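S.K.: Okay, here's the prediction I keep looking at, along with the sequence it came from:
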Amino acid sequence: MTEPDPKRPNWEEGRPFGKIAAVLVAAIIYALLRLWSATWRIDKSEIGRLEAARATGRPIIGIVWHGSYAPLFYLISGQPALVVTSYSFRGSVIARFCRWFGYRAMQVERGNHGGRRAIREELSHPNALVAIAPDGPLGPRHEAKPGAAALAAEFGALLIPISANSNRKKIVTSRWDKMELPLPTARVTLRVGEAFEIPQDASPEEAKALVENALNALI
């Protein structure tokens, strides 16, 4: 299991009891996700599109609607995607189970645009892979904010839409994103769309439409 990079902010540093609590909570979530997902009947035949995009050596931005991300921890586990979390107990928990699923995680302090800087730094490297929910962190649901498209245009990154569809699922209607959770024994399909670029001359409205259309096509 990957440990935090000592050169990066780590909320657990100097908080021994906080670290123990974060490890326990992360372990429970990780175990539950593993056990739950082990019952699914999974189709991952479209993951080749993600692998083909990564083979180009260009930076990749994986885009996913916020309400669809939970099953993806398992479905694309092992991909070295960067996940940015907050410098907090919650962020520490998320960072830990992300690493256990094979992702890279970075904690950033709130209110100083640290997350955006971390993503920009990552995208400056060839073959980078970052994950962004364009309608996050608080919606509106299925309405893309400009960040992912702007970053793709700036760094010449490919955008690749990703989703998870299931024939039996629980929709958490109390959440703004209507999070979808596949039920045990559900048939779960990993959906990966074709990689695409944001034209340099695209208007913000055109870029927004490209992102939304690509993600909605997977629903």
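M.R.: Now that the structure is in, tell me what you want to look at.
S.K.: secondary structure class for the spatially most central residue of the chain?
M.R.: Centroid-nearest residue in the chain, with C-alpha atoms, centre = their mean: Ala131, separated by 4.0 Å. The three-state label for Ala131, taken from DSSP: H, G, I helix; E, B strand; the rest coil, comes out as strand.
S.K.: Over to Arg54?
M.R.: Of the three states, Arg54 takes helix according to three-state DSSP.
S.K.: Would you check that Ser69 makes contact with Ala133?
M.R.: Ser isn't right for residue 69; it's Tyr. Yes: checked against C-beta atoms under 8 Å, the pair Tyr69 and Ala133 is within contact range at 6.2 Å. Heads up, the C-betas are built off the backbone N, CA and C, glycines and all.
S.K.: so what sits against both of those two?
M.R.: Common neighbours of Tyr69 and Ala133 are not found (criterion: C-beta atoms under 8 Å, 6 or more residues apart in numbering).
S.K.: Show the pLDDT at the residue nearest to the centre of the chain.
M.R.: Per-residue confidence at Ala131 stands at 90 (pLDDT).
S.K.: I figured it hits His66, correct?
M.R.: No: taking contact to mean C-beta under 8 Å, the distance of 11.2 Å between Ala131 and His66 leaves them out of contact.
S.K.: quick one on the thing from earlier: quick one: contacts for the residue nearest to the centre of the chain?
M.R.: Taking C-beta under 8 Å, 6+ apart, one finds 61-64, 69, 81-83 in contact with Ala131.
S.K.: What is the nearest of the residues you listed to Ala105?
M.R.: Within the contacts of Ala131, proximity to Ala105 (C-beta to C-beta) peaks at Val83, which comes in at 4.9 Å.
S.K.: Just list whatever residues bridge to the closest one.
M.R.: Counting by DSSP bridges, Val83 forms beta bridges with Ala105.
S.K.: was I right about it contacting Gln107?
M.R.: No: with contacts defined as C-beta under 8 Å, Val83 does not count as touching Gln107, sitting 10.1 Å away.
S.K.: shared neighbours of the two, which are they?
M.R.: With contacts taken as C-beta under 8 Å, 6+ apart, the residues that reach both Val83 and Gln107 are Ala95.
S.K.: Which residue of those two possesses the greater neighbour count?
M.R.: Neighbours per residue (other C-beta atoms under 10 Å) separate Val83 from Gln107, with Gln107 holding more: 23 against 17.
S.K.: That one touches Ser92, doesn't it?
M.R.: Yes: in this structure, Gln107 sits in contact with Ser92. The criterion is C-beta under 8 Å, and the distance is 6.8 Å.
S.K.: Brilliant, that's me finished.
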